[in-house]
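# give me a model of this one.
(chains A, B, C and D)
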Protein chains: 2
Amino acid sequence: MPNREGLGPPWWQGKFRGCGYRLTIGREAILEVLAKSERHLSAEDIYMKIHPRHPNIGLTTIYRTLDVLSSLGMVYKLDFGDGRARYEFAEGPKGAHHHHHLVCTDCNRVIDYTDFIDEEVELLKQTEEGLSKKYNFKITNHLIQFYGLCEKCSGKK
Amino acid sequence: MPNREGLGPPWWQGKFRGCGYRLTIGREAILEVLAKSERHLSAEDIYMKIHPRHPNIGLTTIYRTLDVLSSLGMVYKLDFGDGRARYEFAEGPKGAHHHHHLVCTDCNRVIDYTDFIDEEVELLKQTEEGLSKKYNFKITNHLIQFYGLCEKCSGKK
DNA sequence: TTTGTTATTGGAAACCATTTCCATTATAAG
DNA sequence: CTTATAATGGAAATGGTTTCCAATAACAAA
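This next block holds a predicted model:
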């Protein structure tokens, strides 16, 4: 995993240019924000983070770039049910930071968990294989979310 | 599972009234459509199905009713990434028809599968328990979806 | 470096699923 | 039947996301 620490050209340049996309200021800024942040950001969140340093990058560009990144598999687009999409940097299903989500249906808080990932991923791998074969479906990704009430909200009542 | 087959008052009346909701023509019509259909329907799909027989039921009512049903846990609200929500009748995570989804990222086709549900649900139950304890989170539901290319779309290229 | 091709951009306007408003109507308890 | 109020529908508002298009910038070639 070359050059993750800021030395030399960012590791994503190759992947990006290799697909015929141009590497622009805006795209780099967006990638940086995503790579740095631990949270799931909305398009507007990203806009806000970028704006101070790059006041001339518009929301439209953010959306367009997120689309590209998403189609390249570099970013996951998530829906937590509050009407705006969230984006998170993809580390790959086997990456160190792979996690699933716990979504509070009351306050929309999202907890990332990694605790049971290993067992889950193991089972999912088998499931994927079976499904791929049976439905001739080429699986590239999965989404697992649990819904319920977080500590605060289940206490409220 | 009483009266699923059209004899006597629909089985859901109790649950409905018990929560202080009134049982109206519109709501019954919507419930009927949902209970009858095997597919995931959008609000507009439902509207279209209901309109011939109940031309005076508006889209607004559909949305409102789906919200209620959703909060009662009688209906799941799903997002397949095409910008409109889909709804499906909930049979409960242990119900006979419980299934997960295979979503084609190219044509948005959705395949329901039940093949590996048993193993999955078993593991999920354990995971839920662990998560509930660790995060003091009251889990009521889960969402599992696989993304990829369906037979047609992976052939296309 | 200069040039030419063309992907990318920003901003305003369009889009469109979903919500909100509010006066009217219908449910169901008494 | 009467009454309190939940529910309704249609129009208008909302708000996240896309589309449009002329202007700009990336980068390959010379």
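
# pretty sure residue A:153 contacts residue A:104?
Yes - taking CB atoms under 8 Å as the contact criterion, residue A:153 and residue A:104 are neighbours in contact, 5.6 Å apart. From N, CA and C alone the C-beta is placed, and that goes for glycine too.

# looking at those two, which one has more neighbours?
Neighbours were tallied for residue A:153 and for residue A:104 using other CB atoms under 10 Å in any protein chain shown; the higher tally belongs to residue A:104 (20 against 17).

# pull the contacting residues for that one.
The neighbours of residue A:104, taking CB atoms under 8 Å, 6 or more residues apart in numbering or on different chains as the test, are A:110-111, A:147-150, A:153, B:137.

# output the lowest mean pLDDT helix or strand found in chain A.
Counting by mean pLDDT, DSSP states H and E, chain A has its least confident helix or strand at helix A:13-18, which shows a mean of 80.

# who does the next helix or strand after it touch, helix- and strand-wise?
Taking DSSP states H and E as the definition, the helix or strand that follows helix A:13-18 towards the C-terminus is helix A:25-36. Contact analysis of helix A:25-36 by 3 or more CB pairs under 8 Å, 6 or more residues apart in numbering or on different chains; DSSP states H and E lists helix A:43-50, helix A:59-71, strand A:85-89 as its packing neighbours.

# out of the ones you listed, nearest to DNA strand C?
Using CB to the nearest atom of the strand as the criterion, the shortest distance between DNA strand C and those is 2.7 Å, found for helix A:59-71.

# how about the residues of chain A near chain B?
Proximity of chain A to chain B is confined to A:77, A:79, A:81, A:102, A:104-105, A:111, A:113, A:115-116, A:119-120, A:123, A:126-128, A:130-131, A:134-151, A:154 under the rule CB under 8 Å from any CB of the partner chain.

# rerun that using 7 Å as the cut-off
A:79, A:102, A:111, A:113, A:115-116, A:119-120, A:123, A:127-128, A:130-131, A:134-151, A:154 (CB under 7 Å from any CB of the partner chain).

# just the buried residues from those, in ChimeraX please.
Selecting the buried subset of those in ChimeraX, with 16 or more other CB atoms under 10 Å in any protein chain shown as the burial test, is done by:
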select /A:79,102,111,113,116,120,123,127,128,131,135,137,138,139,141,142,143,144,145,146,147,148,149,150
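
# let's see which of the residues of chain A next to chain B end up in helices.
Counting by DSSP state H, the part of these found in helices is A:119-120, A:123, A:127-128, A:130-131, A:134-135, A:151, A:154.

# longest strand in chain A, please.
strand A:138-149 (DSSP state E).

# direction included, what does that one pair against?
Paired neighbours of strand A:138-149 in the sheet (DSSP bridges): strand A:100-104 (parallel), strand B:138-149 (antiparallel).

# just the CA atoms of stretch A:121-132, as PDB, please.
Output of stretch A:121-132 as PDB, limited to C-alpha atoms (Å, rounded to 0.1, in the frame of the first residue of the first chain):
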ATOM      1  CA  VAL A 121     -17.300 -11.800   6.300                       C
ATOM      2  CA  GLU A 122     -16.500 -15.500   6.400                       C
ATOM      3  CA  LEU A 123     -20.100 -16.500   6.100                       C
ATOM      4  CA  LEU A 124     -20.800 -13.800   3.600                       C
ATOM      5  CA  LYS A 125     -18.000 -15.100   1.400                       C
ATOM      6  CA  GLN A 126     -19.600 -18.500   1.300                       C
ATOM      7  CA  THR A 127     -23.000 -17.000   0.700                       C
ATOM      8  CA  GLU A 128     -21.600 -14.900  -2.100                       C
ATOM      9  CA  GLU A 129     -20.200 -17.900  -3.800                       C
ATOM     10  CA  GLY A 130     -23.400 -19.700  -3.600                       C
ATOM     11  CA  LEU A 131     -25.400 -16.800  -4.900                       C
ATOM     12  CA  SER A 132     -23.000 -16.000  -7.600                       C
END
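
# pLDDT and distance to DNA strand D added to the ones in helices among the residues of chain A next to chain B, as JSON lines?
What follows is these, written out as JSON lines (pLDDT from 0 to 100; distance: CB to the nearest atom of the strand, whole Å):
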{"residue": "A:119", "pLDDT": "85", "distance to DNA strand D": "32"}
{"residue": "A:120", "pLDDT": "86", "distance to DNA strand D": "27"}
{"residue": "A:123", "pLDDT": "88", "distance to DNA strand D": "31"}
{"residue": "A:127", "pLDDT": "90", "distance to DNA strand D": "29"}
{"residue": "A:128", "pLDDT": "92", "distance to DNA strand D": "27"}
{"residue": "A:130", "pLDDT": "92", "distance to DNA strand D": "32"}
{"residue": "A:131", "pLDDT": "93", "distance to DNA strand D": "27"}
{"residue": "A:134", "pLDDT": "94", "distance to DNA strand D": "31"}
{"residue": "A:135", "pLDDT": "95", "distance to DNA strand D": "27"}
{"residue": "A:151", "pLDDT": "92", "distance to DNA strand D": "26"}
{"residue": "A:154", "pLDDT": "87", "distance to DNA strand D": "24"}
